[in-house]
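Asks: sequence and predicted structure are below.
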Amino acid sequence: MRVLVVDADPQASALAWSNAREAAPLFPVIGMATPLLHRKLPDITADYDITLIDGAPRASVLGRAAILASDLVLIPVQPSPFDVWATDKTEELVREARQFKESLHAVFAVNRKIVNTAIGRDIASALADSPFPLLPTALCQRVIYAESAAKGLSVIEADEHSEAAREIALLGSAVLADTERLAA
Ligand SMILES: Nc1ncnc2c1ncn2[C@@H]1O[C@H](COP(=O)(O)OP(=O)(O)OP(=O)(O)O)[C@@H](O)[C@H]1O
Ligand SMILES: [Mg+2]
């Protein structure tokens with residue numbers, strides 16, 4: 001697939017990741033931390049199958065623009081009640097954006113789950129009240145994410161047989177399946 005990554009967060013972590021990379025790029029990464037992202041992006045994305053936007057945190061104008069520019073919003077949530085409470089604002093933004101774009105969809109994905117623990121019952125039940133589903137795959141807390149990022153690598157490149165590579169592939173499949181379902 002032709003993939004584009006758009007860094008829409010002024011913190012520019014995705015850009016820093018791609019700048020740290022010595023190997024040939026896997027896909028282009030461009031910086032576009034602008035509140036007009038949703039207006040500018042359609043001209044740029046026409047040549048790509050998938051555009052991944054790394055959004056700005058919380059309910060900022062930048063976060064709003066990233067949501068408006070999207071078909072599917074992936075909301076990462078850590079398995080802690082504080083994170084679940086903080087999703088209210090994002091949910092609200094998605095609901096607002098839906099007034100302009102009815103087809104907009106959102107899903108939650110757990111990140112930083114501790115290996116060999118269940119996703120807390122509190123998290124699952126707190127998210128059960130949300131209009132958006134929780135993806136059946138979770139990413140665990142693993143040093144390989146930080147180690148590979150420091151070299152501008154994906155975890156699959158860093159160690160294709162790692163648990164991280166396996167869970168990232170599962171997450172990718174789950175997101176693609178949702179994207180295809182939405183496009184159908
Ligand atoms: N699953 C994980 N395992 C280990 N470390 C992780 C994991 N996920 C994120 N981190 C680390 O946590 C820090 C913050 O991660 P990241 O930048 O992805 O968070 P973020 O939600 O995008 O933050 P922000 O909201 O500020 O953009 C980084 O140092 C990253 O390496
Ligand atoms: Mg970020």
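Replies: Structure's in. What do you need? Ligands and ions are numbered 1, 2, ... in the order given.

Asks: use CA for all of it now, contacts and neighbours both
Replies: Fine.

Asks: all strands of this structure, in order?
Replies: With strands called from DSSP state E, the chain shows them at 3-7, 29-31, 50-54, 72-77, 105-113, 134-140.

Asks: what angle sits between the longest one and strand 72-77?
Replies: Looking back up the chat, that one is strand 105-113. Angle, strand 105-113 to strand 72-77, by axes from the mean of the first three to the mean of the last three CA atoms, to 10 degrees: 30 degrees.

Asks: name the nearest residue to the residue most central in space within the chain, sequence neighbours excluded.
Replies: Residue closest to the average C-alpha location in the chain (CA atoms, centre = their mean): Leu74, at 4.7 Å. Spatial nearest neighbour of Leu74, excluding adjacent residues (CA to CA, 6 or more residues apart in numbering): Val107 at 5.2 Å.

Asks: gap between the one you found and Trp17?
Replies: Note on Val107: its distance to Trp17, by CA to CA, to the nearest Å, is 25 Å.

Asks: got a list of what the residue in the chain that ligand 1 sits nearest to touches?
Replies: The minimum distance from the chain to ligand 1, using CA to the nearest ligand atom, falls at Gln141 (3.5 Å). By CA atoms under 8 Å, 6 or more residues apart in numbering, the contact list for Gln141 reads Asn111, Arg112, Lys113, Ile114, Val115.

Asks: and the first one, how many neighbours?
Replies: Close neighbours of Asn111, defined as other CA atoms under 10 Å, add up to 16.

Asks: need the per-residue pLDDT for it.
Replies: Asn111 is assigned 95 on the pLDDT scale.

Asks: identify the residues contacting the residue nearest to Met32 when sequence neighbours are not counted.
Replies: Leaving aside its sequence neighbours, Met32 sits nearest to Ala8 (CA to CA, 6+ apart; 5.0 Å). Applying CA under 8 Å, 6+ apart, one finds that Ala8 lies in contact with Gly31, Met32, Ala33, Thr34, Leu37, Ile53, Asp54, Gly55, Ala56, Leu62, Ala66.

Asks: where do the helices of the protein begin and end?
Replies: In the chain, the segments counted as helices under DSSP state H are 13-19, 37-45, 61-68, 81-98, 121-128, 143-150, 155-158, 163-183.

Asks: let me know the average pLDDT across the shortest one.
Replies: Rounded to a whole number, the mean pLDDT of helix 155-158 is 97.

Asks: by contact count, what packs against it?
Replies: Packed against helix 155-158, as judged by 3 or more CA pairs under 8 Å, 6 or more residues apart in numbering; DSSP states H and E, are the following elements: helix 143-150, helix 163-183.

Asks: can you check the longest one too?
Replies: Secondary-structure packing of helix 163-183 (3+ CA pairs under 8 Å, 6+ apart): strand 134-140, helix 155-158.

Asks: can you put the ones you listed in TSV and add mean neighbour count?
Replies: As requested, the helices and strands packed on helix 163-183 are arranged in TSV below (neighbours: other CA atoms under 10 Å):
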stretch	mean neighbour count
strand 134-140	19
helix 155-158	18
